[in-house]
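Engineer: okay, structure incoming, though there's no sequence with it:
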């Protein structure tokens, strides 16, 4: 399994931006589908964005046009650029790795980071 470590969370005002990073261990990062999930207090974990090994991207409707997922396979790193942040974006954000089919079946994301807190003040 791949080991994942998120960073970049913090406190930001509504309308601001943050960039999350997820550093992955191992030599096979490029073969994994990757994703960002988030979980707010009292709510279920939801997938925010995903990216296939080939670079195809998928977004939740709530973040389309505001968030951008990307990956740098040379650096074994996944990113989430978050712009025009809203108070509803406040959550713990997790990165996850999975098999190729994970982009269509979130249950196939089997490796998870510890999460990073994002708090958006209104």
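Structural biologist: Everything's here; your move. The structure displayed is predicted, hence computed values, not measured ones. Residues are numbered from 1 along each chain as shown.
Engineer: which ones are touching residue 12?
Structural biologist: Residue 12 makes contact with 18, 85, 118-121 under the criterion CB atoms under 8 Å, 6 or more residues apart in numbering. All C-beta atoms are positioned from the backbone trio N, CA, C, and that covers glycine.
Engineer: scratch that, residue 84 is what I was asking about
Structural biologist: Taking CB under 8 Å, 6+ apart, we find residue 84 in contact with 15, 17, 66.
Engineer: just those now: which is nearest residue 72?
Structural biologist: Residue 72 has its nearest neighbour among the contacts of residue 84 in residue 17, at 18.8 Å by CB to CB.
Engineer: would you confirm that the closest one contacts residue 83?
Structural biologist: Yes. If you go by CB atoms under 8 Å, residue 17 and residue 83 touch, sitting 4.8 Å apart.
Engineer: more neighbours: which of these two?
Structural biologist: Counted by other CB atoms under 10 Å, residue 17 and residue 83 do not tie: residue 83 has more neighbours, with 14 against 11.
Engineer: what's the closest non-adjacent residue to residue 30?
Structural biologist: For residue 30, the nearest residue in space outside its immediate sequence neighbours is residue 73; the separation is 4.0 Å by CB to CB, 6 or more residues apart in numbering.
Engineer: in this structure, which helix or strand is least confident?
Structural biologist: Of all regular secondary-structure elements in the chain, judged by mean pLDDT, DSSP states H and E, the least confident is strand 109-112 with a mean of 94.
Engineer: residue nearest the centroid of the protein?
Structural biologist: To find the centre residue of the chain, average its C-alpha atoms and take the closest one (CA atoms, centre = their mean): that gives residue 36, at 2.1 Å.
Engineer: same for the helix or strand harbouring that one, what does it pack against?
Structural biologist: Residue 36 is part of strand 33-39, with elements assigned from DSSP states H and E. Secondary-structure packing of strand 33-39 (3 or more CB pairs under 8 Å, 6 or more residues apart in numbering; DSSP states H and E): strand 18-24, strand 46-51, strand 67-72, strand 77-82, strand 91-98, strand 109-112.
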